[in-house]
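*Asks:* just the structure for this:
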Amino acid sequence: MSRMLEEIRQQPEALAKTLASAVRPVERFKRLLEKRRPRLVVLVARGTSDNAALFGRYLLEMTTGIPVSLAAPSITTLYDARVDYRDALVVAISQSGESTDTNLVLERAGAAGALTLGITNESASHLARLAEHVWLVRAGRERAVAATKTYTGQVLMMYLLAYALGGRARITNLDRIPEAVDQALALEAEIDDLSNRCRFMRHAVVVGRGLNYSNAFEFALKLMETCYVVAERFSSADFLHGPIALVEPSFPVFAFAPPGKTWPSMGETLAKLKGLRAEIVAISDAGNRDLADCATRIVRLPRRMGELLTPIPYIVPAQIFAACLAVQKGLDPDQPRTISKVTLTL
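*Replies:* The predicted model follows:
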């Protein structure tokens with residue numbers, strides 16, 4: 001068994017530990033924000049952590065009404081621009097806490113008047129020393145190069161940040177997530193069988209929208225870095241504005257398809273793809289019964305979930321698929337060629 005798959009299986013425990021340990025620091029931070037409410041939230045990250053930040057942008061704006069920006073680190077590291085961060089909350093998200101450009105942006109932001117928060121899996125990291133406030137993901141050491149349990153831990157932290165900012169997010173609802181992830185893990189045999197059928201896949205498209213848009217980016221990243229599949233990722237809305245032209249019969253398309261606000265748009269996209277005879281694999285749950293006529297294959301979590309809580313459980317089947325597909329292709333998902341666990345960029 002690969003380390004990547006082993007770490008995917010550790011996620012229910014890692015999420016439960018992260019949630020339990022975060023309650024006190026989150027409550028303290030919430031009290032601080034009640035006195036110092038930011039006019040803007042800026043999230044800074046790279047790679048998988050940037051995908052967690054993308055989720056955070058959707059969640060925070062939806063639940064708090066505060067504008068959220070994803071930082072472009074090159075503005076600081078290459079162009080040496082000076083940004084006015086007064087009255088802003090700047091949140092750096094990094095698995096290792098050693099991302100050079102992420103840390104520099106956070107440091108400059110603090111000097112420019114921002115309130116700073118660091119989210120990392122490493123308590124002794126440079127990021128943990130730089131940030132005024134630190135929230136720790138309790139995932140344990142992640143040995144596989146491809147991040148899995150740290151990604152879901154970071155997404156969990158975005159829910160907690162929404163709560164701390166006074167948003168419509170309840171900590172008590174988050175207790176359901178580890179169990180939902182455990183149920184997703186029970187689909188491993190089914191997903192392994194699907195990966196066997198896809199072992200000759202060389203290109204694919206992943207679509208999502210709204211709260212699961214970030215999962216489209218994360219799934220595509222996993223396919224690229226562990227399976228060497230050329231995977232493009234799109235919002236289902238953007239996909240119809242041109243990229244759908246690349247689809248031909250048997251072209252593989254993966255879709256995150258929860259019931260809820262995004263389903264009408266996603267359903268329209270999948271119907272058009274079916275008309276083009278694409279191979280459509282949809283990740284959903286028991287609440288979406290309209291998928292049967294829209295997908296070639298459905299990976300369905302057994303319980304209905306509110307759309308707000310779907311992103312963490314929904315990414316787990318995608319992680320499993322990438323880990324299994326790599327093995328089916330004769331590749332090592334733990335040590336992809338060319339890349340390493342910590343990437344230092346400026």
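*Asks:* the nearest residue in space to residue 169 that is not next to it in sequence: neighbour count?
*Replies:* Excluding the flanking residues, the one nearest residue 169 by Cβ to Cβ, 6 or more residues apart in numbering is residue 162, at 4.1 Å. (C-beta placed from N, C-alpha, C; glycine too.) Residues near residue 162, counting by other Cβ atoms under 10 Å, number 23.
*Asks:* I figured residue 162 hits residue 63, correct?
*Replies:* Yes: between residue 162 and residue 63 there is a contact under Cβ atoms under 8 Å: 4.6 Å.
*Asks:* and for these two, which residues touch both?
*Replies:* 168-169 (Cβ atoms under 8 Å, 6 or more residues apart in numbering).
*Asks:* quick one: low-confidence parts of the stretch 201-346 of the chain?
*Replies:* 339-346 (pLDDT under 70).
*Asks:* okay, strands next: where are they in it?
*Replies:* 203-208, 230-235, 252-256, 279-285, 297-301 (DSSP state E, counting those that start in this stretch).
*Asks:* which of the helices or strands spans residue 12?
*Replies:* Element membership for residue 12 (DSSP states H and E) is helix 11-35.
*Asks:* so for that helix, mean pLDDT?
*Replies:* The average pLDDT within helix 11-35 is 97.
*Asks:* next SSE after it?
*Replies:* strand 40-44.
*Asks:* what lines up beside that following strand in the sheet?
*Replies:* Strand 40-44 pairs in its sheet with strand 68-70 (parallel), strand 88-94 (parallel), by DSSP bridges.
*Asks:* CA-only coordinates of it, as CSV, when you get a sec.
*Replies:* The C-alpha trace of strand 40-44 is given here as CSV (Å, rounded to 0.1, in the frame of the first residue of the first chain):
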residue,chain,number,x,y,z
LEU,A,40,-10.9,42.6,3.9
VAL,A,41,-9.4,39.1,4.1
VAL,A,42,-6.4,38.2,2.0
LEU,A,43,-5.4,34.5,1.7
VAL,A,44,-1.9,33.7,0.6
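*Asks:* hmm, who's touching that strand?
*Replies:* 53, 56-57, 60, 66-71, 73, 85, 87-93, 102, 105-106, 109, 114, 165.
*Asks:* show me which of those are buried.
*Replies:* 53, 56-57, 60, 66, 68, 71, 73, 85, 88-93, 102, 105-106, 109, 114, 165 (16 or more other Cβ atoms under 10 Å).
*Asks:* and the helix holding residue 12, what does it pack against?
*Replies:* Identification of packing neighbours for helix 11-35 by 3 or more Cβ pairs under 8 Å, 6 or more residues apart in numbering; DSSP states H and E yields strand 133-136, helix 149-164, helix 171-174, helix 177-185.
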